[in-house]
Each structure stands twice: as C-alpha cells, then as structure tokens.
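In: Next come a sequence and a model predicted from it.
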Amino acid sequence: MKVAIAGAGAVGRSIARELIRSSHDVMLIERKLDHIEPESVPEAKWVHADACELSRLEDASMESYEVVIAATGDDKANLVLSLLAKPSSVFAELSPASTIPATSGSSTSPGAWTSPSRHRGCSLRSSKRPSRSVTWSN
C-alpha cells in the first residue's frame with residue numbers, strides 16, 4: 001500500500017519505519033529543511049514541501065497514495081491536510097489519546113490501523129470509519 005506521511009519528526013519517521021517493515025511504499029513530506037534526514041529512513045521517498053499547499057501535494061503525486069497520515073504536530077496543518085487529501089483516501093491524524101475516545105472492536109478489521117505500542121498516548125482515526133478509532137499505549 002502507498003502511504004504518505006506529512007511530518008517527518010520522530011513520530012512520522014517511526015511510523016514510516018514500521019510501515020516499511022510491513023512492505024508498504026512510504027513517502028515522508030516535511031516542510032522544515034532541517035528535519036529532512038533521508039539517512040534516518042532511507043527506504044522512504046522524501047519530499048521537502050508544505051503539506052498545506054495543494055500545488056506541492058500535486059507535485060508530489062499525493063493522489064496516487066492510498067493513505068495519508070498527518071503527523072505534523074500542528075493540529076491546524078493536520079486539519080488542512082485532511083481537507084486537501086483526496087476524498088476517497090483514508091486520512092489518519094495522530095492526536096493525544098485524551099481527545100479521541102477509544103472504542104471497542106478489533107483493530108485488525110479492514111481499514112483499521114495496526115500500530116506499534118511504543119507511541120504512548122496517541123490515537124489514530126480513519127475517515128473511512130469515522131465511528132471507530134484505534135488507540136494504543138504502553
């Protein structure tokens with residue numbers, strides 16, 4: 001699966017590594033030049049761009065990605081990206097667990113995110129399943 005991650009900080013890179021280990025094609029989008037570290041995730045495609053600019057997302061061929069993850073650390077930027085992502089894509093935003101209630105159910109159902117347990121206090125939600133969220137903590 002092709003996954004685009006906006007935000008190449010510690011969280012974005014960690015998610016990218018997990019996805020690459022699971023044989024997914026990953027693109028990291030980062031606007032801060034000093035955060036671009038291709039050697040930290042060499043298997044990922046790295047793009048220096050502002051994920052809130054539609055023209056830059058088009059230049060990066062965002063429409064060819066099946067999943068978009070907003071991990072910028074800026075709620076406004078994450079929201080803008082969710083609006084710019086193509087409607088048929090899955091949008092996931094990492095947020096503090098306290099802001100998104102956990103739900104019961106299997107995290108391995110279609111469209112659900114299976115994630116590493118090391119991201120304490122984070123939640124992931126998908127626009128294809130707005131009534132479900134997946135939370136993880138140690």
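Out: Thanks, I have the structure now.

In: Check which helices and strands the longest helix anywhere in the chain is in contact with.
Out: The residue-count maximum for a helix in the chain (DSSP state H) belongs to helix 10-21. When contacts are defined as 3 or more C-beta pairs under 8 Å, 6 or more residues apart in numbering; DSSP states H and E, helix 10-21 sits against strand 2-6, strand 25-30. C-beta coordinates here come from the backbone N, C-alpha and C atoms, glycine included.

In: Including mean neighbour count, could the ones you listed go into a markdown table?
Out: Formatted as a markdown table, the helices and strands packed on helix 10-21 follow (neighbours: other C-beta atoms under 10 Å):
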| stretch | mean neighbour count |
| --- | --- |
| strand 2-6 | 25 |
| strand 25-30 | 24 |
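
In: CSV please, covering the ones you listed and showing distance to A71.
Out: Conversion of those to CSV gives the following (distance: least, C-beta to C-beta, whole Å):
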stretch, distance to A71
strand 2-6, 6
strand 25-30, 9
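
In: Need the ones you listed in TSV (columns: distance to V68 and mean pLDDT).
Out: TSV is the format used below for the helices and strands packed on helix 10-21 (distance: least, C-beta to C-beta, whole Å; pLDDT from 0 to 100):
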stretch	distance to V68	mean pLDDT
strand 2-6	5	94
strand 25-30	9	97
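
In: between these, which gets nearest to K45?
Out: When the helices and strands packed on helix 10-21 are ranked by distance to K45, counting by C-beta to C-beta, first place goes to strand 25-30 at 4.3 Å.

In: Run the angle between that closest one and strand 2-6 for me.
Out: 10 degrees (axes from the mean of the first three to the mean of the last three C-alpha atoms, to 10 degrees).

In: quick check: angle from strand 25-30 to helix 10-21?
Out: Comparing the axes of strand 25-30 and helix 10-21 via the same axes, to 10 degrees yields an angle of 170 degrees.

In: For strand 25-30, name the packing helices and strands.
Out: Packing partners of strand 25-30 (3+ C-beta pairs under 8 Å, 6+ apart): strand 2-6, helix 10-21, strand 45-48.

In: Tell me which of the ones you listed sits most buried.
Out: With neighbours taken as mean count of other C-beta atoms under 10 Å, the helices and strands packed on strand 25-30 reach their highest mean count in strand 2-6, at a mean of 25.
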